[in-house]
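Trainee: give the three-dimensional model of this entry:
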Amino acid sequence: MASASGGPKDPDRLQAVLQAVLEALPGGALLQGPTDEVLAVNRRFTELFGVPGPGSGAAPTPGVHVHRVAELPLADGRVIRREVEPLRAGDAYLGALWVFTDITAAKRRERDLERDNRALTELARQRNTFTAAASHELRTPLSSISSFGELLADPSFGALTDEQQSLLQAIRRNAERMQRVISDLLLTTRMRAPGGEPGLELGDVDVPQLLLDALLEHMPAIERAGLFAALDCEPGPPLRGDAHRLRHVLGNLLENAAKFTPPGGRIGITAALRGVHWDIEVTDTGIGIPEESRHEIFTGFVRAPNARSGGYPGTGLGLAIARTVVELHAGTITAGGRAGEGATFRIRLPVAGPGTADTAQGAP
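Mentor: Here you go, the predicted structure:
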């Protein structure tokens, strides 16, 4: 077949095919022969190094090569990624293919990202330091306000009129709210600090009792809001977890439900065993959650637009804390519902607790 196609021209045709292959490569390419001679380079190679081609003095290091990768800083500030791929046919060494890629822009972006990350880390550290200091400073005068409020309520200081009683109740109620905000700020600061996640005090948690305790604790607020609450929990095995932290999570969800649901609405708590997980849901008939905000509301200091525009008080810390606590238990928490149609929060917790092989998967 060689003679039929014009044998003398075959080497030229093979050289053309080889050159076409090199030109098709995305980076600069150089083909080295078995005796270290440069057989061919592509156009990108000549543009990258400003050399005319073979015989220009740009030949790579001689020797029988193995696959390796290196980053080469050039004098003009560029950074070139070099890859060497040996070419073999069985045990015979045929040469090597050298591929060169200009990664200057990528390295610059990498350096910029590292610099930005360092700056963000420092800003986060400063924010945490400020938050912790401010919280501690607020606690002292707030404790005094609460103490003087208790003294004013003491009958030995004289009887109060109905209007004075109402004003005193407002002082005490807002002082308690500020105490909760400060506690959330301090807890958030500890969770944000490197290695500062609060540890869990693990034990057997009776889920039906946990839900009942959380509901009874918040029933006064639910009743003041003019709401109806219902609890439906199926029997099941104890959950290994931190009862105090989990009650805090449920408390945040119930407080939100009471806050964002108009009088006459309903709050529901349901729980059931699903495979190796406990599934818990807290639902309400309140203002709901816009679909685009279902994920971001679990970020600290972030609140849904309808919560902000509706004048509802809050810091946006409760759900962030809830997510951290649930994730420490190797569980998940998600939000559902639409604006104006009520909200649903779903918590899934592994029965065996955190750190077990079955925590990542379970029955649907």
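
Trainee: compute the first-to-last residue distance for stretch 310-323.
Mentor: Stretch 310-323 stretches 24 Å from its first residue to its last (Cα to Cα, to the nearest Å).

Trainee: strand partners (parallel or antiparallel) of the helix or strand in which Leu31 is found?
Mentor: When secondary structure is defined by DSSP states H and E, Leu31 falls within strand 28-32. Using DSSP bridges, the strands paired with strand 28-32 are strand 38-41 (antiparallel), strand 92-102 (antiparallel).

Trainee: gap between the helix or strand following the shortest one and the chain center?
Mentor: It stands for strand 38-41. Using DSSP H and E, the helix or strand that follows strand 38-41 in sequence is helix 43-49. Chain-centre distance of helix 43-49: 43 Å, with Cα atoms, centre = their mean, to the nearest Å.

Trainee: show me the contact partners of the strand holding Leu31.
Mentor: Residues outside strand 28-32 that contact it (Cβ atoms under 8 Å, 6 or more residues apart in numbering): 18, 22, 38-42, 44-49, 58-60, 65, 95-101. Every residue, glycine included, has its C-beta placed from N, CA and C.

Trainee: filter those down to the buried ones, ChimeraX style.
Mentor: Restricted to buried positions by 16 or more other Cβ atoms under 10 Å, the ChimeraX selection for the contacts of strand 28-32 reads:
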select :22,38,40,41,42,44,45,46,48,49,58,59,65,95,96,97,98,99,100,101
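
Trainee: so Leu74 makes contact with Ile80?
Mentor: Yes. When contacts are counted by Cβ atoms under 8 Å, Leu74 is listed as touching Ile80 (6.3 Å).

Trainee: more neighbours, those two?
Mentor: In this view Leu74 and Ile80 are compared by other Cβ atoms under 10 Å, and Ile80 has more residues nearby, 18 against 12.

Trainee: before we move on, back to that, now the strands paired with strand 28-32 as CSV including distance to Phe301?
Mentor: Listed next are those as CSV, based on distance: least, Cβ to Cβ, whole Å:
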stretch, distance to Phe301
strand 38-41, 57
strand 92-102, 42
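
Trainee: dump the ones you listed into TSV; add distance to Leu200 and mean pLDDT as well.
Mentor: Output for those, formatted as TSV (distance: least, Cβ to Cβ, whole Å; pLDDT from 0 to 100):
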stretch	distance to Leu200	mean pLDDT
strand 38-41	62	87
strand 92-102	48	90
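
Trainee: Ile222: which of those strands is closest?
Mentor: Nearest of the strands paired with strand 28-32 to Ile222, taken as Cβ to Cβ: strand 92-102 at 63.6 Å.

Trainee: got the contact list for the closest one?
Mentor: Applying Cβ under 8 Å, 6+ apart, the external contacts of strand 92-102 come out as 25-34, 39, 45, 48-49, 60, 64-65, 78-88.

Trainee: give me the buried subset of these.
Mentor: Among those, the ones that count as buried by 16+ other Cβ under 10 Å are 27-32, 45, 48-49, 65, 79-82, 84.

Trainee: greatest separation within the residues you listed: which pair is it?
Mentor: Top of the distance list for the buried ones among the contacts of strand 92-102 (Cβ to Cβ): Leu31 and Val79, 23.3 Å.

Trainee: in this protein, which spans are strands?
Mentor: 28-32, 38-41, 68-73, 79-89, 92-102, 203-205, 228-233, 239-241, 266-274, 277-284, 332-336, 344-350 (DSSP state E).

Trainee: center of the protein - which residue?
Mentor: Thr299 (8.8 Å; Cα atoms, centre = their mean).

Trainee: what's the single longest helix in this structure?
Mentor: Secondary structure assigned by DSSP state H gives helix 104-153 as the longest helix of the chain.

Trainee: tilt between that helix and strand 79-89?
Mentor: Interaxial angle, helix 104-153 versus strand 79-89 (axes from the mean of the first three to the mean of the last three Cα atoms, to 10 degrees): 120 degrees.

Trainee: OK, contacts around the spatially closest residue to Ile333 that is not a sequence neighbour?
Mentor: Using Cβ to Cβ, 6 or more residues apart in numbering and skipping the chain neighbours, the partner closest in space to Ile333 is Val326 (4.5 Å). Val326 is in contact with Val249, Thr332, Ile333, Ile347, Leu349, counting by Cβ under 8 Å, 6+ apart.

Trainee: can I get the strands of the chain in TSV with distance to Gly318?
Mentor: Shown next, in TSV, are these (distance: least, Cβ to Cβ, whole Å):
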stretch	distance to Gly318
strand 28-32	56
strand 38-41	64
strand 68-73	47
strand 79-89	47
strand 92-102	49
strand 203-205	20
strand 228-233	18
strand 239-241	19
strand 266-274	16
strand 277-284	12
strand 332-336	12
strand 344-350	11
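
Trainee: out of those, which comes closest to Arg118?
Mentor: That would be strand 79-89 among the strands of the chain, by Cβ to Cβ, at 20.7 Å.
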